[in-house]
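>>> any chance you can model this:
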Amino acid sequence: MSISSTIKSIQDIMRKDVGVDGDAQRLSQLVWMLFLKIFDDRESEWELLQDDYQSPLPEAYRWRNWAAHDEGLTGDALKYFLDNELFPALQQLEAKGGDQRAYVIRSVFEDAYNYMKSGQLIRQVINKIQDGVDFNKASERHLFGDMYEQLLRDLQAAGNAGEFYTPRAVTEFMVQQVNPQLAEKVMDPACGTGGFLSCAIEHIRRQQVKTVDDEAVLQNSIFGIEKKPMPHLLCTTNMILHGIDVPSNIRHDNTLAKPLISWGPKERVDVIVTNPPFGGMEEDGIETNFPATFRTRETADLFLVLIMHLLKTGGRAALVLPDGFLFGEGIKTRIKEKLLEDCNLHTIVRLPNGVFAPYTGIKTNLLFFTKGTPTQQVWFYEHPYPAGVKSYNKTKPMKIEEFVPEAEWWGHEADNFNSREENQYAWKMSIEDIKARNYNLDCKNPHVGEQEIHDPEVLLAQYQTMQADIADLRCQLKKILAEALERQA
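The predicted structure is shown next:
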């Protein structure tokens, strides 16, 4: 049975259970079960490789001892075991001898729940998971990646993924261009399900990991923080799937809840790749963790201020931001001014409409910058649709091959990107011109003249983009007015 069929059959079983309400709960239920199965498979491997391996889990709570047998616990006995023994034990798991694996397990179960009410249906789901895949079989290991991608697609269908799911083509391109190196600290401060971090792991491992010592260095170089419990659980599972044996550097926390001044030199990182949630507002009081000049409740703006602070001198960042940041004024202008003074914002890739559809119609951009030297000029690259494509959708998503022209054009920061040339998609603007525009970075492609378009699909896409831009501008105006009223009060 294929991975997608396995997941579908599991979800069909869950739909029969009266305790599970909606796709989001079904996915949450499935993910904690998958986590325990994957962890148990990895433990079997660690037991073979390490003579003195000791599980952080008490024997009764290891998957192999309560779930792995088809005729094991079921019915009311299984339901009671999960609710009154397994979950309380894992949520309060003690780390004997400082075992970091115990901390990881406890953190992923802090906000996990067993939603299912029927012990018989729970047993059916467990059996499907147990019989579906074996992580320790080399021939099946890659299938977990397929399963993970299927979960993300289902997560999108549940209507939650707009906050923390970035198309893989975008994550791969961003990681490729910031080019993280072995021994560099790589961080995603809003890591969601771990897409950027898994891409960074693959990138470094493919190019530079040659020895056991190299792998040990990589294992300790990946850092992520995620606010919400379900994506945090998915991210932790994702890290284990990508060979990070003890993903203790993946924290369940709100990155913005810590005062900016409290992030010390030891917490600085070399590379940040992220898609901070945009369009969201932080709870009251979070903005007071930042200097008064940059105080706002808009999540993406606060993350950009934090990212500039977290980077080491010479550190590199790539992040996704909406058009609203480029043309926004007020606090956004002050943030952009600091970005251009403290960092070399060398490239903005302007993505076409529909990259994040159907979850948002807001147009987005990829910003690439290096901390330590001020910006002299900003290069813009307008990413076109591939031939024959008028918009992206679930059946026709963006592909990494589309970014080949940008990659070939990119050049090297060491020689200040001197090899770059303007073309129909690429142009540059000096810092003097940007200052004259009051730091408005919403620069249109000067090589594209006004064109009369009659294609209804293109016109509809443009209309949807215009409506999204208007909605975004309304939000900006409301926030500016609210901030003005707060200052007057």
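
>>> can you pull out the strands in the stretch 51-200 of the chain?
Using DSSP state E, counting those that start in this stretch, the strands of the stretch 51-200 of the chain run over 186-188.

>>> low-confidence bits of it, can you list those?
Segments of the stretch 51-200 of the chain classed as low confidence (criterion: pLDDT under 70) are 133-165.

>>> you'd agree K258 is up against T288?
No: K258 is beyond contact range of T288, at 11.8 Å (criterion: CB atoms under 8 Å). To be clear about C-beta, it is placed using only N, CA and C from the backbone, and glycine gets the same treatment.

>>> which one of those two has more residues nearby?
It is K258, of K258 and T288, that has more neighbours when counted by other CB atoms under 10 Å, with 15 against 10.

>>> got a list of what that one touches?
Taking CB atoms under 8 Å, 6 or more residues apart in numbering as the definition of contact, the neighbours of K258 are N289.

>>> assign P352 to helix, strand or coil.
Secondary structure state of P352, per DSSP: H, G, I helix; E, B strand; the rest coil, is coil.

>>> thinking again about what came up before, hey, what's in contact with both of K258 and T288?
With contacts defined as CB under 8 Å, 6+ apart, no residue is adjacent to both K258 and T288.

>>> quick check: domain ranges of the protein?
By the record's domain assignment, the chain is partitioned as 3-156, 160-485 (automatic domain parsing).

>>> pull the distance from the last one to the chain's centre.
The chain centre lies 11 Å from the centre of domain 160-485; the measure is CA atoms, centre = their mean, to the nearest Å.

>>> again, but for the shortest one
The offset between the C-alpha centroid of domain 3-156 and the centroid of the whole chain comes to 22 Å, using CA atoms, centre = their mean.

>>> leaving out the residues flanking it, which one is nearest to P291?
L260 (7.0 Å; CB to CB, 6 or more residues apart in numbering).

>>> oh, I was asking about D99
P56 (4.7 Å).

>>> and for N114?
The spatially closest residue to N114, leaving aside those adjacent along the chain, is L82, at 4.7 Å (CB to CB, 6+ apart).

>>> coming back round to it: so the residue nearest to D99 touches G98, yeah?
No: in this structure P56 lies outside contact range of G98 using CB under 8 Å: 10.5 Å.

>>> mind checking which of these two has more residues around it?
The residue with more neighbours, out of P56 and G98 and counting by other CB under 10 Å, is P56; that gives 22 against 7.

>>> spit out the contact partners of that one.
When contacts are taken as CB under 8 Å, 6+ apart, P56 is in contact with L93, A95, K96, D99, R101, A102, I105.

>>> can you tell me the SS state at M239?
Reducing the assignment to helix, strand or coil with three-state DSSP, the entry for M239 is helix.

>>> what pLDDT does it get?
M239 is assigned a predicted lDDT (pLDDT) of 89.

>>> how near is it to A216?
To A216, M239 is 15 Å away according to CB to CB, to the nearest Å.

>>> which one of these two is surrounded by more residues?
M239 (25 against 12).

>>> quick one: that one and F39, what's the gap?
From M239 to F39 the distance is 12 Å (CB to CB).

>>> distance check, the residue nearest to D99 against D76.
Between P56 and D76 the computed distance is 29 Å (CB to CB).

>>> my guess is I10 contacts V125, does it?
Yes: in terms of CB under 8 Å, I10 counts as a neighbour of V125; the distance is 5.4 Å.
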